[in-house]
Structure formats: structure tokens, C-alpha cells
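>>> A predicted structure for the sequence below; I have some questions about it.
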Amino acid sequence: MLYKDPSAASEWFARYDESVTVLKKQISEMVRISQQLDLHKSDGWSFPTESDAWKSLMEKHEDYQAVGPLLIATLYGPTGGGKSAIFRLLTGCAVPSGEVPRPVSYASAVATPAEITQDIAKMRRIFRDRPVELILPEEMEKLRSKNNSGKIFVISMDQSAKGLPWALADVPDFNSVEKQNWEESQYILRHAHVALFVVFQEAYADEKVVQELERCCELASRVIYVLTKVESEEQAQQIWEDLLVKLAQRGSRRSADGMALSEILRKNGFYYSIRYGPNPPEPGTEDWDAIIRPGREGMPSFSSLLRGLEAQRLVLQGLLLPVPTVIQECRRFLEQLDQKQKQLKEDLQRSYQPVEAAAQQVAGAEYPLGEFMSILYQEVQSRGIVFRGIARVVGLVSSLAPKQWLRNIVVAQPSSDVPQEQSLSQDKLIDRKEFEKKKLQEAIENPKENKGIFIAWRSMFPEQCKPGGLLSQDRWMKIREEFGQFTIPEPTEAWESYARSQIQQWIKDHPWRARWMWVLKNVSELGVLGAIVLDLTTTGGIVGSLGLTAAAGAGGSLAARMLLSWAEKYQLDKVMQNVDEKWRQERSVQFRAHLEKHLWEPVFAPWQKQLAELENLTKTSDDHSTSSLQMCQSACNQLEALAGQFAAEETTDDR
């Protein structure tokens, strides 16, 4: 048990320090990355580092790292409650008090053990955004000067008690007329583990006093209510019960855990002091526990609250106070990161689908007829076969333009599958570069038919079409214009090698068919043929996924039907289909890479950057066996377990 075993307390502090250190480093870095990626613009997005609970946890942890488990208590209350008297009682240091006009102090006084006072840098680390000055007992009058408003004066006190060291702050009255005093008293309160809320009987029900009591319960881990100047124990009990009723009627709750403030105070209990008679004790000779008494049996003595293992519990309670809220916020944030990563992956995958479809469509809209015929005639001629027959139909090829010659090849022998009145128009034979550029532009955006990649994207992500979005009109026009300036990649050598091997096998299997082919007299013209493709009108190649019969049917492309009809006469149809399939495979990969690099990546670069950064958070590094995300989850689990164990011990003690 923590309150019985000092070694257990040491182990608890170590676990706390380890876990908060991880969260401070990892969560802060995650938030920094998220802010750089503009994730805060997402609906419902929140960062734990912006909450009061996070700031409180970090402040308390920095205090802990500065001075170790130093109990910081503050005397807090309205004017005339007796704070300065209790300060003198507990520390032996005299601060200005009991004088008119009010306030008598404009600065805060903090009494610390000698070892802390000797290392004033530690106190400066705790109160890092306030001027901190070490003073001697005879310099306490500095607290009276308005010029020292906002300063914190540190003074050494005698301390012989065993256990945890402690520091006691006396702050300016919160209900004084000086607004600066309110701010300074609340500043000290945020750093305190324990707030000794000191109020005299005549002021306990004042609205301002009750409001500040509520603030104390919100900011301090433990509030010790000290009712002063009462006439008797019975009066103290009556005032205490009346206060709890008033708080319950107000419905006040602590945001960290949702507990009713009346229940928090009832659990903590209260202390009281009887009004001094005509002969008060001399300073330094008082018996703390005889003067400040517990309000019920079983409560620890007032002095033990600031010493020994009870003080360790108060420090740890103060350190753990913001933990439940911080854990909840951190887990929500980590879940948001995880969901954002999944959403980005899904959106990027969806956005890539139109790119893949467009690449396949463009590749399937053409047949490399010129290149195929060039390779065919090269291979036939290289074998020295005598060719005749088709010349009677075609005539002297050298006297024809390449497009006209290819057209004549396809329609030279009418087929029963193709009506004789239909003819392959020469405009279906197009320069490959010109055709591919046109088809890619249509695949990107075709306003007339309301088709294209851009239109698909706008349908997928309408929220990105607004000004400043990924698909805003201005941004899209710029990217599209830049896309048109990039050169479309040339066909791969792999396709040519494949086509050549298919034709070579065909010649080997059908040498007598090859003899009926006509070889060009001027082989140099074959280079011109290679730049010509056949516009198939459709997007599935000469056969596509429907098979030869369907492609040659009434619903198919006339160009594909005529080409296949010609090929069947020479049993080249299978070769041409294989070559077409290989062309579509190779060319669609090239078109996809071209669209990806010069269109998809520029449009979705912000999302890709966000995803890459978020994925880094879930990856392990060379220095760590766990990822940043896993380390945060582990730290949250450990802090949650620590807070749960502490709460369980508190419950056991109450019983």
C-alpha cells in the first residue's frame, strides 16, 4: 500500500514520470505533424495539447522533474481569513498581515526547505514564467510594495520532519481590489498539489468566496477546507454542513472526473480553528494540531498532511488529477489519427480507380496496325520467300501512301462477315502520337459527354471542389495544362519482341500462307507504317473480353471486324489477338504510370503527404522496437492503471 510502503511510492512516481515523458514527447510531435498537415481543419478534430488538462499535466510534470516529489501547498482565501497567521504558524516566517488598508501584500511568498532554497534555480523552473527572488526573513516587507506585483519571493524555513519535503505559498487575497492579485493567486494555485482554503466564519457563504472554492476544486488536486475564527466545534460543524448543502444546490462538478464538488469536499473533510482569546500563543511555540483540528474522527492530523507518506499521497494525487481527462483526449486523438490514415488510404485508392480505367480504355482504343505490318513484312522478307497473289489486288504498294496501303490491305478481300457496301475510312488510320494525345485528353475530361477522370473525382469528393480544395477549378486547370506538356512514353521493346516472336511462329507454322503476302519494294517505307494505329472506336481492343465472334458481330467496331476478317484468311487472327492483348497490357501500364506521375500525384499530393506522415507514426524505427503510436498507447495504459490503483487505495482507506 502506498501510504505504508515508501518504496512503493518511489516506484509509483517512477512509472508516472516514465509515462508522462513519453506522452509529452510523442503526442506533442504528433500534434505538430498534424498541424503542419492542416488536419485541424477537419470537422470535429481536436488536439489534446490544447486542453487545460494537458497543460496542467505538463506543468505538474515539469515541476516534478525540477524538484522531484516536492509537495507544494498554497494558502488560498479571502481577505481576513487568517492565511498569513497560518503561514507563520507552519513555517516560522512572518509575512505582512492584519493591517488596514488592504491588500497588505502584492507579491507571493513561498517558504521552502533549506536544500531547495539553496538551489533557487529549482524554484525558478517551477515558476518559470514569473520573476523569482530569494529573500531573507528581514526582507519580507518587499511583499508590501506594489512595484513587486507578480513577483514570487522565496524564503527558507526550518524543517525537521521526516519524509517528503514541502513548500508553502502565501498568495495575495483573491477578493482584494487589485485585479493583478487575483491573477497571481490563481497562478500559484495551478502549481499547487494542495490548496489550504482558509476562510473565516463570516465569509464562508459569500458568492465570490464560493466561486473561488469551486475554482480551487477544479485546479488543485486536494482542497483542505480550513474554517477559522469559529466559536466552537458545534458551530464549525453547522457551517460545514450548510456549505455542503449550498454546493450541492449549485450542482457544481469537477470537470476532470465529473465528481460533485460537495462530495469531493465531504470526502476530504475539513479543519477548523477556535478564535483566539485575549492571550494568543507566541509565534513558533504553537502546537499545530491543537490549534487546527480535524472536523471528524479518523482524519489525519493537520501536520501530517504536509509531511511523510500522507504528503507523498497528496503529491501523487496532484500529479494524477489531470490524467483521466488527458488519457481520454489522447486516445480520442490517436483514434482520429488512425481513422484519418484509413480514410486517406481509402480515398486515394478510390481516386486511383479512374486512372486505371482511363489507361485501359486508351490502350484498348487503338491497334498498332502499322507496327504489326512492318514487323510482319520484315520477317517474311527476311526469309526470302517468293510472294505473289495479293499484288494483283493491291497494286504496286510503293506508289501508295502508307494509310491508303494499310486500308487496301484490310479491305482487299471482302468477307461474308463484312457487308461489301461498308468500307474502312482512311480517317480510322491515325498517327499514334496524335491519337494517344487526343484520347488521353478525352479520358481526363470530356465535358460534352460528362465523362473523364476529373468529373469522376469531383463526384467522389465534392467537398474538394470548393475554392482552395484539391479539385478547385483554378488548381485543376493549372495541373491539366501542365499535363499536356509532358511527352507520352513510346511503346516498350518488350511488346515488339513479343510481336516478332508471334509472327515468326506463324511463318513457321504456315509457310504456304506467308507466300501469299506481298512484300514492299521499298522496305525503308516500313518506318512510316510503324507510326500508324487503327482507331477501333471501342475501348476493348480488337476482341476485348467478348471473344472474336462478338467483336465481329453487329455491335462491334467496324474497323476491328474488317481487320479480323482479313486476318482470318491468312490464319493470322490468333496472332493479331495475342499481339493486341500484349499491346493493351504493356501500353495500359505505361499510360497509367504517365497519368499517375503527371496528373494523379500533382492533384492528390497533399493527401499523399498526409498519409506518408501518418504511416511513419505507426512504423517502428531502428532506435525503437515499438512505433510512436504504440508507445503512446502503452503510456496511456500505464497511467490509467496507476490512477486506477491509486483510486482503489483511496477507496480502501475511506472504508
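That came in fine, so what should we check first? Numbering: from 1, shown residues only.
>>> going forward, measure contacts and count neighbours with C-alpha atoms only.
Will do.
>>> give me phi/psi at Ala169?
In this entry, Ala169 is assigned phi and psi values of phi -110, psi 140 (degrees, to the nearest 10).
>>> for Ser472, that is, sorry about that
Per-residue torsions, Ser472: phi -60, psi 150 (degrees, to the nearest 10).
>>> residues in contact with it?
Ser472 sits next to 464-466 when contact means Cα atoms under 8 Å, 6 or more residues apart in numbering.
>>> buried subset of the residues you listed, written for ChimeraX?
Buried subset of the contacts of Ser472, written as a ChimeraX selection, criterion 16 or more other Cα atoms under 10 Å:
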select :465
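>>> what's the longest helix in the protein?
helix 323-364 (DSSP state H).
>>> against which helices or strands is that one packed?
Contacting helix 323-364 under the criterion 3 or more Cα pairs under 8 Å, 6 or more residues apart in numbering; DSSP states H and E are the following elements: helix 52-67, helix 432-444, helix 453-460, helix 573-595, helix 601-617, helix 628-654.
>>> of all these, which one comes closest to Ile375?
Set against Ile375 and scored by Cα to Cα, these come closest in helix 573-595, at 11.6 Å.
>>> which strands and helices sit next to that closest one?
In terms of contacts (3+ Cα pairs under 8 Å, 6+ apart), helix 573-595 is packed against helix 323-364, helix 493-509, helix 558-569.
>>> chain center to that helix, what's the gap?
Its chain's C-alpha centre and that of helix 573-595 lie 42 Å apart, by Cα atoms, centre = their mean, to the nearest Å.
>>> before we move on, the earlier item: in TSV, list the helices and strands packed on helix 573-595 along with mean neighbour count, distance to Gln186 and mean pLDDT.
Converted to TSV, the helices and strands packed on helix 573-595 look like this (neighbours: other Cα atoms under 10 Å; distance: least, Cα to Cα, whole Å; pLDDT from 0 to 100):
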stretch	mean neighbour count	distance to Gln186	mean pLDDT
helix 323-364	19	21	93
helix 493-509	16	77	92
helix 558-569	21	85	73
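>>> just send those helices back as a markdown table, with distance to Ala260 too.
Shown next, in a markdown table, are the helices and strands packed on helix 573-595 (distance: least, Cα to Cα, whole Å):
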| stretch | distance to Ala260 |
| --- | --- |
| helix 323-364 | 16 |
| helix 493-509 | 77 |
| helix 558-569 | 81 |
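>>> pull the number of nearby residues for the residue lying closest to Asn446 once chain neighbours are set aside.
By the measure of Cα to Cα, 6 or more residues apart in numbering, the closest residue to Asn446 outside its immediate chain neighbours is Gly452, 5.5 Å from it. Neighbour count for Gly452, taken as other Cα atoms under 10 Å: 20.
>>> quick check: Ala167 vs Glu356, distance?
Distance, Ala167 to Glu356, using Cα to Cα, to the nearest Å: 69 Å.
>>> equivalent analysis for Glu366, please.
17 Å.
>>> what strand or helix carries Val199?
Applying DSSP states H and E as the criterion places Val199 in strand 194-200.
>>> Ile507 is nearest to which of the helices and strands packed on helix 323-364?
Once Cα to Cα is applied to these, the stretch that comes out nearest is helix 573-595, at 10.8 Å.
>>> give me the buried stretch members for the closest one, please.
The neighbour-count check on helix 573-595 (16+ other Cα under 10 Å) flags 573, 575-577, 579-595 as buried.
>>> quick one, strands of the stretch 101-250 of the chain?
For the stretch 101-250 of the chain, the strands defined by DSSP state E, counting those that start in this stretch occupy 108-112, 132-134, 152-156, 166-170, 194-200, 222-230.
>>> between the ones you listed, which one is closest to Pro447.
Closest among the strands of the stretch 101-250 of the chain, using Cα to Cα: strand 222-230, at 68.7 Å.
>>> okay, that closest one in PDB with CA atoms only?
Provided in PDB are the C-alpha atoms of strand 222-230 (Å, rounded to 0.1, in the frame of the first residue of the first chain):
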ATOM      1  CA  ARG A 222      -6.600  18.300  -3.000                       C
ATOM      2  CA  VAL A 223      -8.600  21.000  -1.200                       C
ATOM      3  CA  ILE A 224      -8.200  21.200   2.500                       C
ATOM      4  CA  TYR A 225     -11.000  23.400   3.800                       C
ATOM      5  CA  VAL A 226      -9.900  25.400   6.900                       C
ATOM      6  CA  LEU A 227     -12.600  27.300   8.700                       C
ATOM      7  CA  THR A 228     -11.100  29.900  11.100                       C
ATOM      8  CA  LYS A 229     -12.300  32.000  14.000                       C
ATOM      9  CA  VAL A 230     -15.200  29.900  14.900                       C
END
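>>> list the buried residues in stretch 34-53.
By neighbour count on 16+ other Cα under 10 Å, the buried set for stretch 34-53 is 34, 37, 39, 46-49, 53.
>>> pLDDT on stretch 537-545, on average?
Averaging pLDDT along stretch 537-545 gives 59.
>>> same check, this time on stretch 55-63
Average pLDDT, stretch 55-63: 88.
>>> who's in contact with that stretch?
17, 20, 24, 49, 125-126, 190-191, 318-320, 322-323, 326.
>>> and which of the buried residues of stretch 34-53 is nearest Ser10?
Ala53 (24.2 Å).
>>> in space, what's closest to that closest one - neighbours in sequence excluded?
Closest to Ala53 by Cα to Cα, 6+ apart is Pro322, at 5.2 Å.
>>> list the contacts for the closest residue to Ala260 other than its chain neighbours?
Spatially, and ignoring its direct neighbours in sequence, Ala260 is nearest to Arg253 (4.2 Å; Cα to Cα, 6+ apart). By Cα under 8 Å, 6+ apart, the residues touching Arg253 are 259-261.
>>> on that earlier part again, in JSON lines, list the contacts of Ser472 along with pLDDT and distance to Ala641.
Below are those laid out as JSON lines (pLDDT from 0 to 100; distance: Cα to Cα, whole Å):
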{"residue": "Gln464", "pLDDT": "94", "distance to Ala641": "43"}
{"residue": "Cys465", "pLDDT": "94", "distance to Ala641": "47"}
{"residue": "Lys466", "pLDDT": "92", "distance to Ala641": "47"}
